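Q: here is a sequence together with a model predicted from it:
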Amino acid sequence: MDTHLPVADPHAITTAEALEALYGRPSELAANKSTDRLDPVTLAFIAASPFCLLGTQGSRGNHITPRGDAPGFVLALDEKHLMLPDRKGNNRLDGYRDIIEDNRVSLLFLVPGMGETMRVHGRATISTDPALRERCIAQEKVPTSVLIVEVQEIFMQCAKAIMRSDLWDGRKKAAGVPSMGALLLAHKKNGMDPAAYDAVAEERLRANMY
């Protein structure tokens with residue numbers, strides 16, 4: 001039996017100060033790009049997404065659960081609440097068990113062909129409200145439950161990771177999906193020019209990819 005204690009990594013970053021010294025501070029745009037409301041531009045992006053990832057945490061660890069259906073399967077109840085149907089799965093219910101213990105959740109929305117992704121953070125409730133479940137019928141099947149997420153923070157993630165991975169392999173995004181510039185304007189409300197931002201976005205990102 002190996003009785004040696006693990007040696008602490010002398011290169012480990014263990015404080016926020018050390019982390020900032022290593023990476024530097026974010027730009028003003030990156031630091032202040034979030035919102036806490038589901039405005040029409042944000043909802044248009046979510047409506048175009050057929051797939052999102054649900055992040056949860058509980059006493060058994062952390063879990064990431066894929067959620068997917070036809071674009072628009074995630075619905076807005078109002079400017080602060082999203083609703084996700086729970087389609088038939090394997091009944092492990094890892095994410096739902098986590099939410100019962102700790103209702104903090106994260107969502108990452110992807111749109112095919114789109115480099116940018118949308119991150120949503122909030123608190124969730126599992127509901128069996130018949131009226132809400134009826135709004136989520138698919139293939140004539142009513143979901144067993146729905147997940148109601150109270151939104152606390154929303155922000156866009158730039159396209160670098162998708163561009164590096166070539167995830168969509170040239171697939172074109174659907175028409176009418178709001179651009180990163182349009183979403184930043186909606187979230188920041190600072191009068192920025194979305195067309196000017198979008199015009200140089202790909203060149204800027206490729207110049208700072210690695």
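A: It's in.

Q: C-alpha from now on. contacts and neighbour counts both.
A: Noted.

Q: and whichever strand or helix holds residue 20, what's buried?
A: In this structure, residue 20 is located in helix 16-23 according to DSSP states H and E. By neighbour count on 16 or more other Cα atoms under 10 Å, the buried set for helix 16-23 is empty.

Q: just the strands in the chain please.
A: 51-58, 61-68, 75-78, 81-86, 104-110, 117-127, 145-157 (DSSP state E).

Q: please save the CA atoms from the third one in CSV.
A: Meaning strand 75-78. Extracted in CSV, the C-alpha atoms of strand 75-78 (Å, rounded to 0.1, in the frame of the first residue of the first chain):
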residue,chain,number,x,y,z
LEU,A,75,-40.2,28.7,-23.4
ALA,A,76,-40.3,32.0,-21.6
LEU,A,77,-43.1,32.5,-19.0
ASP,A,78,-42.2,36.1,-18.4
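
Q: from the chain's centre, how far out does it sit?
A: 16 Å (Cα atoms, centre = their mean, to the nearest Å).

Q: that one pairs with which strands, and in what direction?
A: Using DSSP bridges, strand 75-78 pairs in its sheet with strand 81-86 (antiparallel).

Q: ok, and what's touching the partner strand?
A: The set of residues external to strand 81-86 that reach it, using Cα atoms under 8 Å, 6 or more residues apart in numbering, is 38, 73-77, 133, 136, 143-151.

Q: packing partners for the longest helix along the chain?
A: Longest helix of the chain, by residue count under DSSP state H: helix 194-207. When contacts are defined as 3 or more Cα pairs under 8 Å, 6 or more residues apart in numbering; DSSP states H and E, helix 194-207 sits against helix 180-188.

Q: what's the helix it packs on in contact with?
A: By Cα under 8 Å, 6+ apart, the surrounding residues in contact with helix 180-188 are 32-35, 39, 41-42, 116, 155-156, 158, 191-198.

Q: among these, the buried ones, what's the PyMOL command?
A: The buried residues among the contacts of helix 180-188 can be selected in PyMOL (16+ other Cα under 10 Å) with this line:
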select buried, resi 33+34+35+41+42+116+155+156+158+194+197
